[in-house]
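**Student:** kindly return the folded structure for what I paste below:
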Amino acid sequence: LAAVRASERAHDDALSGLASQIKTRHANAVAVFNPLGRSRTDVVIIRALNLAGGNIAAVDDASGKSVPCQWLDADRLCFVAPDVPALGYRTFHLVASGASGANSSVASGIGRPASGLRSENKFYRLKLDPATGAIISLVDVELGRELASTNGPHSFNQYIYQWFGEPNGGASWSRPPANAKISVERGPVASVTSVRAEADGVNWLEQTITVYNDIKRIDFELRMDKKPSGRSLADYNANNMRGKESVFVALPFDIPDFKAVYQAAGGGVAEPVRDQFKGTATAFYSVQHFADISNDKFGVTVSPIDCALVEFDHPRSDALSRARPGGEKYFEKRMEYPKRSSLFLYLLGNMFTTNIRVDQRGEHVFRWALRSHAGDWRTGEADRFGEAVNQPLIARFVNPRGGRMPEGARSFASVDAGNVSIGTIKLAEWNGDG
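**Tutor:** Numbering: from 1, shown residues only. Have a look, this model is predicted:
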């Protein structure tokens, strides 16, 4: 944690220093930075406590055009920043707007009729189960494709909890969440669905699903207050199974004749099982920026932000605690390609014996995003989507002052080849002179 905090401080100090060099004429000026080596139009979020509660628009300093803003909560404001230059910035200033920037509730309820609650725009049509809050239909409007499978044991976006109550095993799988309270709010930037439900293993479970009006992307944020699992230090020392637990989210897609790929650490793209040596683990995979399930007609890219372990086909905890030493032999090493086009996010678990807390109680937040596309993962640019999700646009307020860099738009560097990315820019090692 100390290393993370130090890294975050260095990052914030560098951005603040850069923002302080921008010259601006306006109050409530905002610089939107793009960390990628290509220009992009994307959503940006900024904390704006000094403006909270008002109807706001963001005016592009370069073009003079305004774009609508939307409050996500009491102090977070979002808008879509157009054409932010590669590895550069675009400046805006926030002004009072006549058009409402607040959300207007379009549907809410508890225990609604079986038809469920809907959210729809030009990209997606979303339908929720009114009892559980899970997604029972997700249609890509452009492609005319149903993306969510309804033929398996799990609903789309379903919370799953596995718990072992006995020293020798005896796993129990959770029931689906119940008594969901759902609201759908529509704003000028996005429709936001909020779900609060009762579920096994948690004191409370909340989720927001954000579907953007002008960007083909759906963001998910799952928050929970995890109950104690009942596992004790004595159980840990005895190396038994009591109190072991795992938390998953199910994403069963309806994609026939599919191929599954994921981006491994370091950036390489691989297929599960087919690109593995015999004897390597096959239960879960560590993902850098994306996993994709697609055929030659269409597919879906999932980009995890806080949940880098994924599983294909079905959920399994793959516990490593039945024997020590030599427990690694119990890892799943089944060289069978996934039969179902299903992806599972492995959010929490204390199934392992090293570097894992005995009990994972307390509040947790997990985020991921998805986007459907035509063609396979290359045609759908799954790698670029995953990179953009994990390196979002960054906004900073700029104090009115005379800096050395102009307001408007500026790029410090860019690349013109799709297979090249800029990872780091720094002074040369030898005295900083090259």
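**Student:** what is the longest helix seen in the chain packed up against?
**Tutor:** In the chain, taking DSSP state H as the definition, the longest helix is helix 2-19. Helices and strands touching helix 2-19, by 3 or more CB pairs under 8 Å, 6 or more residues apart in numbering; DSSP states H and E, are strand 29-34, strand 394-398. From N, CA and C alone the C-beta is placed, and that goes for glycine too.
**Student:** how about a cut-off of 6 Å?
**Tutor:** Here helix 2-19 touches strand 394-398, going by 3 or more CB pairs under 6 Å, 6 or more residues apart in numbering; DSSP states H and E.
**Student:** sorry, back to before: quick one: the longest helix of the chain to chain centroid distance?
**Tutor:** 22 Å (CA atoms, centre = their mean, to the nearest Å).
**Student:** ditto for stretch 261-279
**Tutor:** In this view, stretch 261-279 has its centroid 21 Å away from the chain centroid, taken as CA atoms, centre = their mean.
**Student:** tell me the first helix or strand C-terminal of the helix or strand bottoming out on mean pLDDT in the chain.
**Tutor:** In the chain, no helix or strand scores lower on mean pLDDT, DSSP states H and E than strand 104-110, which sits at a mean of 40. Following strand 104-110 in sequence order, the next helix or strand is strand 117-120 (DSSP states H and E).
**Student:** can you list the neighbours in contact with that next one?
**Tutor:** Under the contact criterion CB atoms under 6 Å, 6 or more residues apart in numbering, strand 117-120 has outside partners 107, 126, 127, 128, 182, 184, 191, 193, 211.
**Student:** tell me the helix or strand right after that strand.
**Tutor:** strand 124-128.
**Student:** lowest-confidence entry in the contacts of strand 117-120?
**Tutor:** pLDDT across these is lowest for residue 107, at 40.
**Student:** can you pull the phi and psi angles for the residue sitting nearest the centre point of the chain?
**Tutor:** Centroid check for the chain by CA atoms, centre = their mean gives residue 368 as the closest residue, at 1.6 Å. Main-chain dihedrals, residue 368, degrees, to the nearest 10: phi -160, psi 170.
**Student:** got the contact list for it?
**Tutor:** Contacts for residue 368 (CB under 6 Å, 6+ apart) come out as 220, 304, 305.
**Student:** and for the closest residue to the last one other than its chain neighbours, the neighbour number?
**Tutor:** Once its chain neighbours are removed from consideration, residue 305 has its nearest residue in residue 367; the separation is 4.1 Å (CB to CB, 6 or more residues apart in numbering). When neighbours are counted by other CB atoms under 10 Å, residue 367 registers 16.
**Student:** so which strand or helix has residue 367?
**Tutor:** strand 362-374.
**Student:** any idea what the closest residue in space to residue 210 that isn't next to it in sequence is bridged to?
**Tutor:** Nearest in space to residue 210, with sequence neighbours left out and distances taken as CB to CB, 6+ apart, is residue 219 at 4.2 Å. Residue 219 has these beta-bridge partners by DSSP bridges: residue 210, residue 369.
**Student:** tally of neighbours for residue 219?
**Tutor:** Neighbours of residue 219 (other CB under 10 Å): 20.
**Student:** give me the distance between it and residue 368.
**Tutor:** With distances taken as CB to CB, to the nearest Å, residue 219 is found 8 Å from residue 368.
**Student:** hmm, back to that, any idea how far the residue nearest to residue 305 lies from residue 237?
**Tutor:** Taken as CB to CB, the span from residue 367 to residue 237 is 35 Å.
**Student:** try residue 185
**Tutor:** 49 Å.
**Student:** same check on residue 191?
**Tutor:** 50 Å.
**Student:** between those two, tell me which one has more neighbours.
**Tutor:** Ranked by neighbour count (other CB under 10 Å), residue 191 and residue 237 place residue 191 first, with 23 against 9.
**Student:** so what sits opposite that one in the bridge?
**Tutor:** residue 186, residue 211.
**Student:** over to the one 5 residues further on?
**Tutor:** According to DSSP bridges, residue 181, residue 206 are recorded as the beta-bridge partners of residue 196.
**Student:** do residue 285 as well
**Tutor:** Per DSSP bridges, the residues bridged to residue 285 are residue 310.
**Student:** and residue 118, by the same measure?
**Tutor:** Note on residue 118: beta-bridge partners by DSSP bridges are residue 127.
**Student:** and for residue 260?
**Tutor:** Here residue 260, judged by DSSP bridges, has bridge partners residue 293.
**Student:** my guess is it contacts residue 293, does it?
**Tutor:** Yes: counting by CB atoms under 6 Å, residue 260 touches residue 293, with 5.1 Å between them.
**Student:** can you show me the strands along the stretch 301-434 of the chain?
**Tutor:** All strands of the stretch 301-434 of the chain, identified by DSSP state E, counting those that start in this stretch, fall at 309-312, 342-349, 362-374, 394-398, 409-411.
**Student:** format the ones you listed as CSV; extra columns: distance to residue 121 and mean pLDDT.
**Tutor:** Putting those into CSV (distance: least, CB to CB, whole Å; pLDDT from 0 to 100) gives the following:
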stretch, distance to residue 121, mean pLDDT
strand 309-312, 27, 96
strand 342-349, 24, 94
strand 362-374, 13, 97
strand 394-398, 24, 93
strand 409-411, 28, 92
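**Student:** and of those, who's closest to residue 96?
**Tutor:** The closest approach between residue 96 and any of the strands of the stretch 301-434 of the chain, judged by CB to CB, belongs to strand 394-398 at 16.6 Å.
**Student:** which residues touch that closest one?
**Tutor:** 15, 19, 22, 24, 29, 30, 31, 32, 33, 44, 46.
**Student:** give me the angle between it and strand 29-34.
**Tutor:** 150 degrees (axes from the mean of the first three to the mean of the last three CA atoms, to 10 degrees).
**Student:** residue 161 versus the residue nearest to residue 362 when sequence neighbours are not counted, what's the distance?
**Tutor:** Spatial nearest neighbour of residue 362, chain neighbours left out: residue 226 (5.9 Å); criterion: CB to CB, 6+ apart. Using CB to CB, residue 226 is found at 10 Å from residue 161.
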